[in-house]
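Asks: sequence plus predicted model, see below.
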Number of protein chains: 2
Amino acid sequence: LNLRQNNFSAGPGALPTEVLEEVRDDFPVFAGLGASIVEVSHRSGAYTEIHERAKSRLASLLGLGDDWHVLFLQGGASMQFHQVPLNLMPRGGTVSYLDTGSWSAKAIKEAEIVARDRDGTVTVAASSRDADYTYIPRPSEWTVDPEAAYLHFTSNNTIYGTQFHEEPICDVPLVCDMSSDFLSRPIDPKKYGLIYAGAQKNIGPAGVTAVLVRDDVLQSRAEGLPTMLDYGTHAAKLFNTPPVFAIYIVDKVLGWVERQGGLKGMVERNEAKVSRLYGALDASDFYRPTVREDSRSHMNVTFRLPNEDLEARFIQDAAREGLLALKGYRTVGGVRASIYNAVEPRSVELLVEFMRRFEAAYG
Amino acid sequence: LNLRQNNFSAGPGALPTEVLEEVRDDFPVFAGLGASIVEVSHRSGAYTEIHERAKSRLASLLGLGDDWHVLFLQGGASMQFHQVPLNLMPRGGTVSYLDTGSWSAKAIKEAEIVARDRDGTVTVAASSRDADYTYIPRPSEWTVDPEAAYLHFTSNNTIYGTQFHEEPICDVPLVCDMSSDFLSRPIDPKKYGLIYAGAQKNIGPAGVTAVLVRDDVLQSRAEGLPTMLDYGTHAAKLFNTPPVFAIYIVDKVLGWVERQGGLKGMVERNEAKVSRLYGALDASDFYRPTVREDSRSHMNVTFRLPNEDLEARFIQDAAREGLLALKGYRTVGGVRASIYNAVEPRSVELLVEFMRRFEAAYG
Ligand SMILES: Cc1ncc(COP(=O)(O)O)c(C=O)c1O
Ligand SMILES: Cc1ncc(COP(=O)(O)O)c(C=O)c1O
Ligand SMILES: [Mg+2]
Ligand SMILES: [Mg+2]
Ligand SMILES: [Mg+2]
Ligand SMILES: [Mg+2]
């Protein structure tokens, strides 16, 4: 009843057990505070220390220079679909998007809503929609407007199980929805103007979105925006009450990432899981990965079995053995094993063993 | 080190100890889930049950009929300052505001930003700014435009320590920022079109805002809004990942309110604390309440001592005795004791005893 099992949830996803044990120990009283951390002012010394440490840990893990602002906002990555163009689309200007999945498509839709009021244009530089988003279009296939204020892409497509394995090279600043592979590998900050990521996959619980914005991009933003939607408001100071608990956990998870050796450590940890799992998929004819080989996600591994009945049985039997949340996204079907940073290599080992036994029984 | 003390924080504020003990017991594993509650899909059965129960508990505590929608949104009450006029200000129309404190003033400012794009007009029906917001203007002093789409007011002014003791009577739907006295007393839902409240005073941790909207008001909203800012998006379904942990606590706090006898129970509990504390203030010349008697808040009790040095010493000595967070808001000064629902009557008793001793020593 009270054992932690192997959690392959696509998000909210697994967090490090040691972090959750620390959380337990901080309730109902955070040592020295006389109250829990969710009951004290967000202007208090205790919370300020957590907030500032989380910001500086994030900047240092990613190698961001002093010209970057680290914001912890509410509303989820979905709010960023709106807030990015609201801040960064010039009047009468163009913005460009790579359409590689449902989340990209939603981001494009929100940009088009902003464009209506701005006499702006949203161009799609490339799309893999025609092939059910099963691959990442190659740079040679893109048409990025050189005048675009930014090129937006989704580095990892949670639903379809595809991922960019090279950072797009182009002359306009990159804006990236990194929600589902944030902090899973190093990045080259110079290429980016803005990065956002909902916490609930790799860095914390739902309820906070990390938004990283380069100062020159911030300064180029539209004027006269609603206060809460203006990135400048949050870059200038802690404007209103932040989602304290979510940020408190993010800080702890960032500490855990540091102790694993930072993003280099994360890559090593993740590569081992990735090669074990795709290796098993490729070694069998029973399991079929759903995406083009060069586009395979290292975070969300999607595959099919010979038929839907077997898929349903696979997911059910796995859950009975403590391998949880393997069902593919509702509109896509099949199996999806999300192996975010916190998922233990041992969980992947157990999954691979289960796959062998399942194939032996039903293959 | 690990004892809970007497927490008079204005927000994030005190929560019931028994709720926080339950939280402790749900980490690192929520019984039967194999993971903690912050690591499972927001579409899972376990979370859906919590989410739906929180919604129905809230509706039933407030006596809301089927024509109300209960939404749990992100962004804080500050985001509602924008979202309310964005949804409800008609093109070329008027909205009206009661200006009774800093939060009201911020709400007015955001309405004016929306009005620019809508050719709208924001009228201030009454203001107590001229007297440092130390009272609530009487209804006979208001000028509400009868054509206004709504009249907005702040039922409790957290910073100044004033509160409406009667629900405004007027012919247009009321929109209320109830952040700092939400669920502290019954309301008459018929008078309202929309109510919002940041959770972090009376019903939970920071990170979720309850938004209650009557269906006819919802239907009257503007068209073509950004998806995440459109109340209709969230009324129709759970659109994106909600702030799971915050809502999980809200659900528990609502259960606690039910066990205390609902809002009637809350009034009794709060009245006892209120009369004890204001009684002590009135019985002495050393302590001076800062607001007009008919406008005194039952949630944030603000008062002054003979001089600022004594105030600083009062706050410091109190903290040493486990009476926490009594400092007035930074722009106002003085002492503020926030006695939200979860603050124990015993904490108020200890505060009153401390006040007696302090006056005997320094009065
Ligand atoms: C890549 C990506 N972008 C955006 C979102 C939407 O995030 P949220 O639910 O926080 O709005 C998700 C959610 O799963 C996602 O995976
Ligand atoms: C009455 C009232 N309205 C609005 C706010 C702002 O809330 P938030 O910080 O959640 O945006 C507060 C915060 O203390 C408040 O007391
Ligand atoms: Mg996707
Ligand atoms: Mg295969
Ligand atoms: Mg106020
Ligand atoms: Mg007195």
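Replies: The structure has been received and is ready for your questions. Since the structure is predicted, the reported quantities are computational estimates derived from the model, not experimental observations. Residues are numbered from 1 along each chain as shown, chains lettered A, B, ... in the order given. Ligands and ions are numbered 1, 2, ... in the order given.
Asks: show the average pLDDT along the longest helix belonging to chain A.
Replies: Longest helix in chain A by number of residues (criterion: DSSP state H): helix A:262-282. In this model, helix A:262-282 carries a mean pLDDT of 98.
Asks: who does it touch, helix- and strand-wise?
Replies: Helices and strands touching helix A:262-282, by 3 or more CB pairs under 8 Å, 6 or more residues apart in numbering or on different chains; DSSP states H and E, are helix A:45-62, helix A:244-259, strand A:288-289, strand A:300-304, helix A:345-362. For every residue, glycine as well, the C-beta is placed using N, CA and C.
Asks: any idea which of these is most buried?
Replies: Among these, ranked by average contacts under mean count of other CB atoms under 10 Å in any protein chain shown, first place goes to strand A:300-304 (a mean of 25).
Asks: centre of the chain to it, how far?
Replies: 17 Å (CA atoms, centre = their mean, to the nearest Å).
Asks: ramachandran coordinates for A:A125?
Replies: Note on A:A125: backbone dihedrals following degrees, to the nearest 10 are phi -70, psi -30.
Asks: and stretch A:325-344 with chain B, contact?
Replies: Yes: in terms of CB under 8 Å from any CB of the partner chain, part of stretch A:325-344 sits within range of chain B, namely A:A325.
Asks: state the mean pLDDT of that stretch.
Replies: The average pLDDT for stretch A:325-344 rounds to 96.
Asks: thinking again about what came up before, so for the longest helix of chain A, what gets flagged as buried?
Replies: Buried residues in helix A:262-282, counting neighbours by 16 or more other CB atoms under 10 Å in any protein chain shown, are found at A:G262, A:L263, A:M266, A:V267, A:R269, A:N270, A:K273, A:V274, A:L277, A:Y278, A:A280, A:L281.
Asks: please tell me how far the fifth one sits from ligand 6.
Replies: It refers to A:R269. Going from A:R269 to ligand 6 by CB to the ion, to the nearest Å gives 63 Å.
Asks: quick one: distance of the longest helix of chain A to the chain centre.
Replies: Relative to its parent chain, helix A:262-282 has a centroid offset of 17 Å by CA atoms, centre = their mean.
Asks: okay, now the domains of chain A?
Replies: Domain ranges of chain A: A:22-259, A:263-362, per automatic domain parsing.
Asks: among those domains, which is the most enclosed?
Replies: Of the domains of chain A, domain A:22-259 is the most buried (mean count of other CB under 10 Å), at a mean of 20.
Asks: need the contact list for the nearest residue to A:E321 once chain neighbours are set aside.
Replies: Nearest residue to A:E321 in three dimensions, chain neighbours excluded: A:F354, at 5.9 Å (CB to CB, 6 or more residues apart in numbering or on different chains). By CB atoms under 8 Å, 6 or more residues apart in numbering or on different chains, the residues touching A:F354 are A:D317, A:A318, A:E321, A:L323.
Asks: over to A:E258?
Replies: Counting by CB under 8 Å, 6+ apart, A:E258 touches A:R57, A:L61.
Asks: quick one, phi/psi of A:V70?
Replies: When read as degrees, to the nearest 10, the backbone of A:V70 gives phi -110, psi 120.
Asks: give me the pLDDT for the closest residue to A:H69 other than its chain neighbours.
Replies: Leaving aside its chain neighbours, A:H69 sits nearest to A:A235 (4.2 Å; criterion: CB to CB, 6+ apart). We have a pLDDT of 98 for A:A235.
Asks: what about the strand or helix carrying A:A235, near ligand 2?
Replies: A:A235 is located in helix A:231-236, with elements delineated by DSSP states H and E. No: figure legend: helix A:231-236 not in contact with ligand 2 (CB under 6 Å from any ligand atom); closest approach 11.5 Å.
Asks: counting contacts, what elements does that helix pack onto?
Replies: Using 3+ CB pairs under 8 Å, 6+ apart, helix A:231-236 sits against strand A:68-73, strand A:209-214, helix A:215-219.
Asks: which strands or helices does the second one pack on?
Replies: To tie it back to what came earlier, the one meant is strand A:209-214. Helices and strands touching strand A:209-214, by 3+ CB pairs under 8 Å, 6+ apart, are helix A:45-62, strand A:68-73, helix A:76-88, strand A:192-198, helix A:231-236.
Asks: partner strands of it, with direction?
Replies: strand A:68-73 (antiparallel), strand A:192-198 (antiparallel) (DSSP bridges).
Asks: redo the ones you listed as TSV? Include mean pLDDT and distance to B:F245.
Replies: As requested, those are arranged in TSV below (pLDDT from 0 to 100; distance: least, CB to CB, whole Å):
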stretch	mean pLDDT	distance to B:F245
strand A:68-73	98	15
strand A:192-198	98	14
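Asks: would TSV of these with distance to B:T134 be doable?
Replies: Below are these laid out as TSV (distance: least, CB to CB, whole Å):
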stretch	distance to B:T134
strand A:68-73	35
strand A:192-198	43
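Asks: and the ones you listed: which comes nearest ligand 3?
Replies: strand A:192-198 (12.7 Å; CB to the ion).
Asks: how about the CA coordinates for that closest one, as CSV?
Replies: The C-alpha coordinates for strand A:192-198 follow below in CSV (Å, rounded to 0.1, in the frame of the first residue of the first chain):
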residue,chain,number,x,y,z
TYR,A,192,17.8,31.0,-27.5
GLY,A,193,15.9,34.1,-26.8
LEU,A,194,13.3,32.6,-24.5
ILE,A,195,12.8,29.1,-23.0
TYR,A,196,9.8,27.9,-21.0
ALA,A,197,8.9,24.7,-19.3
GLY,A,198,6.0,23.5,-17.2
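Asks: what's that strand in contact with?
Replies: With contact meaning CB under 8 Å, 6+ apart, strand A:192-198 is reached by A:11, A:76-77, A:80, A:84, A:88, A:150, A:173-179, A:182, A:187, A:203, A:206, A:208-214, A:216-217, B:241.
Asks: and if you look at stretch A:106-118?
Replies: Applying CB under 8 Å, 6+ apart, the contact partners of stretch A:106-118 are A:78, A:81-82, A:84-86, A:89-93, A:95, A:97, A:99, A:120-122, A:124, A:152, A:154, A:177, B:117, B:224-228.
Asks: residue contacts, the residue lying closest to A:R57 once chain neighbours are set aside?
Replies: Among residues not flanking A:R57 along the chain, A:L254 sits closest, at 4.0 Å (CB to CB, 6+ apart). With contacts defined as CB under 8 Å, 6+ apart, A:L254 is in contact with A:A54, A:R57, A:L58, A:L61, A:L183, A:I203.
Asks: for those, give me CSV that also has pLDDT.
Replies: Converted to CSV, these look like this (pLDDT from 0 to 100):
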residue, pLDDT
A:A54, 98
A:R57, 98
A:L58, 98
A:L61, 98
A:L183, 98
A:I203, 98
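Asks: distance to A:R4 for these - can I get that in a markdown table?
Replies: Below are the contacts of A:L254 laid out as a markdown table (distance: CB to CB, whole Å):
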| residue | distance to A:R4 |
| --- | --- |
| A:A54 | 24 |
| A:R57 | 25 |
| A:L58 | 26 |
| A:L61 | 25 |
| A:L183 | 22 |
| A:I203 | 19 |
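Asks: ligand 1 versus the closest residue to ligand 5 within the stretch 51-200 of chain A, what's the distance?
Replies: Nearest to ligand 5, among the residues of the stretch 51-200 of chain A, is A:Q74, at 21.1 Å (CB to the ion). Per CB to the nearest ligand atom, to the nearest Å, A:Q74 is found 10 Å from ligand 1.
Asks: what does that residue show for phi and psi?
Replies: Residue torsions, per degrees, to the nearest 10, at A:Q74 are phi -100, psi 170.
Asks: these two touch, right, it and A:T209?
Replies: Yes: in this structure A:Q74 lies within contact range of A:T209 using CB atoms under 8 Å: 7.1 Å.
Asks: and A:T123, its phi and psi?
Replies: phi -110, psi 150.
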